[in-house]
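> Here's my sequence, what's the structure:
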Amino acid sequence: MRRASPGPVLLLIALGTLAAPARPQQAVEAAEPADAAAAGVTLSVRPVHVQLQRSLGFDEEGEVRQRDAGLAIRLVADVETGLEVLSVAPPEVASLTCSFGLAIPLPPGARPRQGPQPLQRRHGDAGPGSVSIQLQLPHPPAADGIREASGTLTLTVADGPRRELRFVPLDRFLGRTVVVEDLGGAEVKPTRDRNGRVRFDVPAALARKVGGVGYARPGEAAAFDPEPARFSPQGGDQATVWLQDQRVPEGGGVVFRVYPDAREIVLPWRCGPFALPTAQPPAGLRLALRTVAEGAAPEGEAGPGAAEAADRPLPLRIDGEPQPPLE
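As a prediction, this is how the structure comes out:
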């Protein structure tokens, strides 16, 4: 008799130990802003792209019926440290001041929704890295520049013993809710979609502590990817990572490298001054429309020559030589 496949159930697992046994897991508390030098981090923020977006829509009478505007600002935070940075939280922007000294409001949605991301390395794991800071303002300021932008950057760095969270063999865990007791009862749910992609839904607090993703067969050591995992934010305090099923060896599974005692470093940053595009559309802009009804002269003109002038061919040049008008 064929057994039915298991439905969603709770499955308790413990972390594999790679060093000393971990202390009981505690929730990560919000750290106070730290001095970058004292924390062993060199941090600098610079502007890389500023784009002014403006558009106008006109009605049939030439009146402006729609105005759209926006200002996109992209900054880059360069981070250099000897610490192992596991992830970077979405950068916080606390204030934005224009060249006039006025505060620019930061409405909800000014920053894109992001999950914990790895530090973007330029020269391998030990080299300096960077983090993008993006802003989208619906109402560009009238000023010609930004005097200062400021905020905080939160790094999660490795600390304490390194552990492994093994989903080997993977088929045993698919569709089940896995409770990791050594991580404060964190719940992880792996699934597979129709396209062969493997999805792991995890608490964002756990995603911030992941130092790598690898693949292994039962009883074998994992081979870890050189590129760090990228988690996407989900509803609430959840995050998701997608993996290609073909990377999983036959009968094998997925292994996460985790630091249960990872700590957070909150670094204040400032950037400015830098210029803004200053093109402004003229106030009260209106199109001067001239319409010609069939058999009638253009508005403001009269006489039989008016329509003929409107139909006059445009002069052409081919390879620099003037061409006679086409008949």
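> could you say what helices and strands the helix or strand harbouring residue 202 packs with?
Taking DSSP states H and E as the definition, one finds residue 202 inside strand 197-203. In terms of contacts (3 or more C-beta pairs under 8 Å, 6 or more residues apart in numbering; DSSP states H and E), strand 197-203 is packed against strand 186-192, strand 238-244. To be clear about C-beta, it is placed using only N, CA and C from the backbone, and glycine gets the same treatment.
> Tell me which of those strands sits nearest to residue 220.
Relative to residue 220, the nearest member of the helices and strands packed on strand 197-203 by C-beta to C-beta is strand 238-244, separated by 17.9 Å.
> list the contacts for the residue most central in space within the chain?
Geometric centre of the chain, nearest residue: residue 114, 5.0 Å, by C-alpha atoms, centre = their mean. With contacts defined as C-beta atoms under 8 Å, 6 or more residues apart in numbering, residue 114 is in contact with 90, 233.
> And for residue 149?
Applying C-beta under 8 Å, 6+ apart, the residues near residue 149 are 45, 73, 75, 93, 95, 96, 97, 135, 270, 271, 272.
> can you tell me which of these are in helices?
With helices defined by DSSP state H, no entry of the contacts of residue 149 lies inside them.
> Where among the helices and strands packed on strand 197-203 is average confidence lowest?
Taking each of the helices and strands packed on strand 197-203 in turn, the lowest mean pLDDT turns up on strand 238-244, with a mean of 87.
> So which bits of stretch 170-179 are buried?
Taking 16 or more other C-beta atoms under 10 Å as the neighbour-count basis, stretch 170-179 is seen to contain the buried residues 170, 173, 174, 176, 178.
> Between those, which sits nearest residue 184?
When those are compared against residue 184 (criterion: C-beta to C-beta), the nearest one is residue 178, at 13.7 Å.
> In what element of secondary structure is the closest one found?
Applying DSSP H and E, one finds residue 178 within strand 177-180.
> So in that sheet, which strands flank that strand, and in what orientation?
strand 10-13 (parallel), strand 186-192 (antiparallel) (DSSP bridges).
> hang on, the earlier thing: residue 244: which of the buried residues of stretch 170-179 is nearest?
Scanning the buried residues of stretch 170-179 for proximity to residue 244, where the rule is C-beta to C-beta, the winner is residue 170, at 12.4 Å.
> wouldn't the closest one be in contact with residue 250 here?
No. Using C-beta atoms under 8 Å, residue 170 is not in contact with residue 250, being 10.5 Å away.
> Outline the domain layout of the chain.
What automatic domain parsing lists as the domains of the chain is 10-17+160-263, 41-159+265-275.
> measure the longest one end to end?
Using C-alpha to C-alpha, to the nearest Å, the span of domain 41-159+265-275 from its first residue to its last is 28 Å.
> Pull out the buried residues from stretch 134-152.
Within stretch 134-152, the residues that qualify as buried by neighbour count (16+ other C-beta under 10 Å) are 134-137, 140-141, 143, 146-147, 149-152.
> Tell me the spacing between residue 47 and residue 74.
Using C-beta to C-beta, to the nearest Å, residue 47 is found at 7 Å from residue 74.
> Those two: which has the busier surroundings?
Taking residue 47 and residue 74 together and counting by other C-beta atoms under 10 Å, residue 47 has the greater number of neighbours (18 against 14).
> What helix or strand is that one located in?
Under DSSP H and E, the secondary-structure element containing residue 47 is strand 41-58.
> Rounded mean pLDDT for that strand, please.
On average, strand 41-58 scores 88.
> got the contact list for that strand?
36, 64-81, 83, 128, 133, 140, 146, 149, 153, 155, 265, 267, 269-271, 274-277, 279, 281, 285, 287.
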